[in-house]
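Novice: mind folding the following:
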Amino acid sequence: MIDPEVTGPVGADLDGADPDGPGPELVDGRDYAGAPDAFQRLWTPHRMVYIGGEGKPASDSAHHCPFCELPSRSDADALIVSRGELAFAVLNLYPYNPGHLMVVPYRHVADYTDLTAAEVAEVALFTQRAMAALRSAARPQGFNIGMNQGAVGGAGIAAHLHQHVVPRWGGDMNFMPVIGQTRVLPQLLSESRDLLAAHWPLP
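Specialist: Residues are numbered from 1 along each chain as shown. From the prediction side, this is the model:
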């Protein structure tokens, strides 16, 4: 590694320099701090919460489960879009796309086969309503809908099942997620929650 505090400019030829001469001009790397270039910076410090694992349950019990804790908070604080009798819809705190919702049963169950018939029906109904609200509010061209079962299946919180409803638009998968492991989200979560709550279909 070239140390700009010790050597000359990158690419300078120091071989054969006169030891008695003035030598190459020393370069202080701090001289370049803040120098403009052609790149724009997208600062996403909130991602450190996800990277650090904050909010992930310490165990599989309902006592440590964020999905079990959310309904006790206000809708705005918990990012809950709508509540039903057996399930609720909430924005994903780490969305793949703007408006990424999750439909979650209140009951702390891990496996889809553990749901009662009534819970399955309400999860399905809320999935339909989530699609309708997103279509009304944001006109997506498609959706990804599904649930990851078990940690090996990709579930971030495997102990409490949740169905993802992700709106999709043509060209929404650009180079940022592929190259930079970063997603560009043009709307704050609180604004998304308010918008979707206003467009949520009436029962």
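Novice: how about the longest helix along the chain: buried residues?
Specialist: For the chain, the helix with the greatest residue count under DSSP state H is helix 117-138. Across helix 117-138, burial judged by 16 or more other Cβ atoms under 10 Å covers 119, 122-123, 125-127, 129-131, 133-134, 137-138. C-beta coordinates here come from the backbone N, C-alpha and C atoms, glycine included.
Novice: cool, stretch 67-84 as well?
Specialist: Phe67, Cys68, Leu70, Asp75, Ala78, Leu79, Ile80, Val81, Ser82, Gly84.
Novice: setting aside sequence neighbours, what's the nearest residue to the fifth one?
Specialist: In space, not counting the residues next to it along the chain, Ala78 is nearest to Leu70; the distance is 4.3 Å by Cβ to Cβ, 6 or more residues apart in numbering.
Novice: ok, the one you found to Ala76 distance?
Specialist: From Leu70 across to Ala76, the span is 12 Å (Cβ to Cβ, to the nearest Å).
Novice: and what of Tyr94?
Specialist: On the measure of Cβ to Cβ, Tyr94 and Ala76 end up 19 Å apart.
Novice: where does this structure dip in pLDDT?
Specialist: 1-63, 173-187 (pLDDT under 70).
Novice: now for the longest helix of the chain, which elements pack on it?
Specialist: strand 80-83, strand 87-91, strand 101-105, strand 142-146, strand 163-168, helix 189-199 (3 or more Cβ pairs under 8 Å, 6 or more residues apart in numbering; DSSP states H and E).
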